[in-house]
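Asks: what's the 3D shape of this:
(chains A, B, C and D)
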Number of protein chains: 2
Amino acid sequence: MRADAADMPEFSPRQNAVLEQALRLLVQGGEKALTTSGLARAANCSKESLYKWFGDREGLLAAMIAHQASKVRTFERSGERLTADLLRDHLELFARDLLEVLAGDVSLALNRLAIGQATREGSKLGKLLLEHGRRQIDRRAMALIDQGKRAGLLRFDNADAAYHTLYGLIVSDLHVRMLLGEPGLKDNARQAERAVGAFLSLHGTQKQSADALGVSAGR
Amino acid sequence: MRADAADMPEFSPRQNAVLEQALRLLVQGGEKALTTSGLARAANCSKESLYKWFGDREGLLAAMIAHQASKVRTFERSGERLTADLLRDHLELFARDLLEVLAGDVSLALNRLAIGQATREGSKLGKLLLEHGRRQIDRRAMALIDQGKRAGLLRFDNADAAYHTLYGLIVSDLHVRMLLGEPGLKDNARQAERAVGAFLSLHGTQKQSADALGVSAGR
DNA sequence: GCAGAACCGTACCGTACGGTACGCAAAAGG
DNA sequence: CCTTTTGCGTACCGTACGGTACGGTTCTGC
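Replies: Numbers count the residues shown, from 1 in each chain, chains lettered A, B, ... in the order given. Model (predicted):
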């Protein structure tokens, strides 16, 4: 499912290839490795073309974010009837996907770039990153928990607050730690289980066993 | 209470004043505003002195982190006997303090600096920031929840996991959003209440009312 | 096959950074 | 009072970046 074809200026295949090289340079060497000269050399294009296509350096960075976001479309199937087990499975799948996305090389590099650029007054890059990269995954989770509520499996008044609770339980401070250079989790699935168990204990309509809270050491 | 006087080379008053100016520049204009020439001009010192005192630019950044960390010592009183209400109060105080620290100008600027510097292989700055800035607040929270467990008010097997749960409930994705330039919460206290309520519902030994979970819209 | 656009490679320009060197004033110390 | 140290202000150097200009080459439309 393509979202809003006329949303943003899409780029030619050649330009997409250049943007791919730009992402590669950024991932490998950080922001300082992403120079116009270096990109032109790596992508076998001229600096003049870069400025013709993307305007200036900030335009290039914005194009990189849009390009990356265009690659991570989230499917919104789930027309099926929800059961408690199914809801738990979907929540855990969401949690694992979220952890995997946040730990991805490109995601971390782009977030580092935007954060390094930001000051206390919001940078353009930060806004772009939040809107393009986050809206998709936010919508998926919101639709899921909303569906859970309509099926009588979840209870909450504020869907936004409930989603933030879920997000916090899944991610905790892991994202910032990874942005700072720390390795990351050994087992995303286990963390997903724990987080979803806690979330269902807080907002589920069926009571959860203590096991699901990670209180037992056996899991 | 001074922690480990011989921990790190402390700086002379003059040097501390220079570091203060460096933090001011960093907060106001981001990393690009923190140049050796600019700092020398702002602090009325010579570039030569900067290099004599701090070695090179990275040494200066490390010194800034150490200097800032030396200002936020956390008190560890709490010899008193814990009750359920007292535990909740202390947890909420911790949550408010945590949110306030994370939203601070200097904290955000230093985190942005370290994150902008980092690559997938941990940067020195990131490690420094996590160890100096985080250890204090981590210890405070760990001591608190450990005390809660010993008093029979909390139940969990893994104190570390429980602390990460608390942290996630308090902060969620707020830290990253602020790092990206978003404004921040209007009401830290309310968020603290919600998070602690959820935490106690998960790990407390006394059952919580639905009100405490933020399920009711009235709060 | 030809005109025009698109594009590549390279050279170039101005600027600003990190880091060093030097001259001189002010404090420290005996 | 003289010497030594410390540090300020400035000038300087090499480098590397963002951005522009230009000649030559490939692609495109007619």
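
Asks: and A:Arg139, how many residues sit next to it?
Replies: Using other CB atoms under 10 Å in any protein chain shown, A:Arg139 has 13 other residues around it. (Each C-beta comes from the backbone N, C-alpha and C, glycine too.)

Asks: residue contacts, A:Leu128?
Replies: By CB atoms under 8 Å, 6 or more residues apart in numbering or on different chains, the contact set of A:Leu128 is A:62, A:65-66, A:114.

Asks: Show only the entries of these found in strands.
Replies: Per DSSP state E, strands hold no members of the contacts of A:Leu128.

Asks: Which residue is the nearest non-sequential neighbour of the residue of chain A found nearest chain B?
Replies: Across chain A, the shortest distance to chain B (CB to the nearest CB) belongs to A:Gly116, at 2.5 Å. Distances taken as CB to CB, 6 or more residues apart in numbering or on different chains place B:Gly116 nearest to A:Gly116, at 2.5 Å, with adjacent residues excluded.

Asks: which of the contacts of A:Leu128 has the most neighbours?
Replies: Among the contacts of A:Leu128, A:Ala114 has the most neighbours (other CB under 10 Å), with 26 neighbours.

Asks: Spit out the contact partners of it.
Replies: Counting by CB under 8 Å, 6+ apart, A:Ala114 touches A:65, A:123, A:125-126, A:128-129, B:180.

Asks: for A:Leu50, same thing?
Replies: Residues near A:Leu50 by CB under 8 Å, 6+ apart: A:18, A:36, A:39-40, A:60.

Asks: Tell me the spacing between it and A:Gly38.
Replies: Computed as CB to CB, to the nearest Å, the A:Leu50 to A:Gly38 distance reads 11 Å.

Asks: pLDDT score assigned to the residue lying closest to A:Glu31 once chain neighbours are set aside?
Replies: Nearest residue to A:Glu31, sequence neighbours excluded (CB to CB, 6+ apart): A:Leu113, at 5.4 Å. For A:Leu113, the model assigns a pLDDT of 97.

Asks: So what's the residue count around A:Leu113?
Replies: 22.

Asks: likewise A:Val176?
Replies: A:Val176 has 24 nearby residues by other CB under 10 Å.

Asks: Just list the residues touching it, thanks.
Replies: B:111, B:115, B:175-176, B:179.

Asks: Over to A:Asp56?
Replies: By CB under 8 Å, 6+ apart, A:Asp56 lies in contact with nothing.

Asks: Any figure for the gap between it and A:Ala62?
Replies: If you measure A:Asp56 against A:Ala62 using CB to CB, the figure is 10 Å.

Asks: With A:Glu31 instead?
Replies: 14 Å.

Asks: hang on, the earlier thing: near DNA strand D too, which of the contacts of A:Leu50?
Replies: Among those, the ones lying near DNA strand D by CB under 7 Å from any atom of the strand are A:Thr36.

Asks: and the contacts of A:Leu50, which are buried?
Replies: Among the contacts of A:Leu50, those classed as buried by neighbour count (16 or more other CB atoms under 10 Å in any protein chain shown) are A:18, A:39-40, A:60.

Asks: Out of the contacts of A:Ala114, which one has the lowest pLDDT?
Replies: A:Ser123 (88).

Asks: No further questions, thank you.
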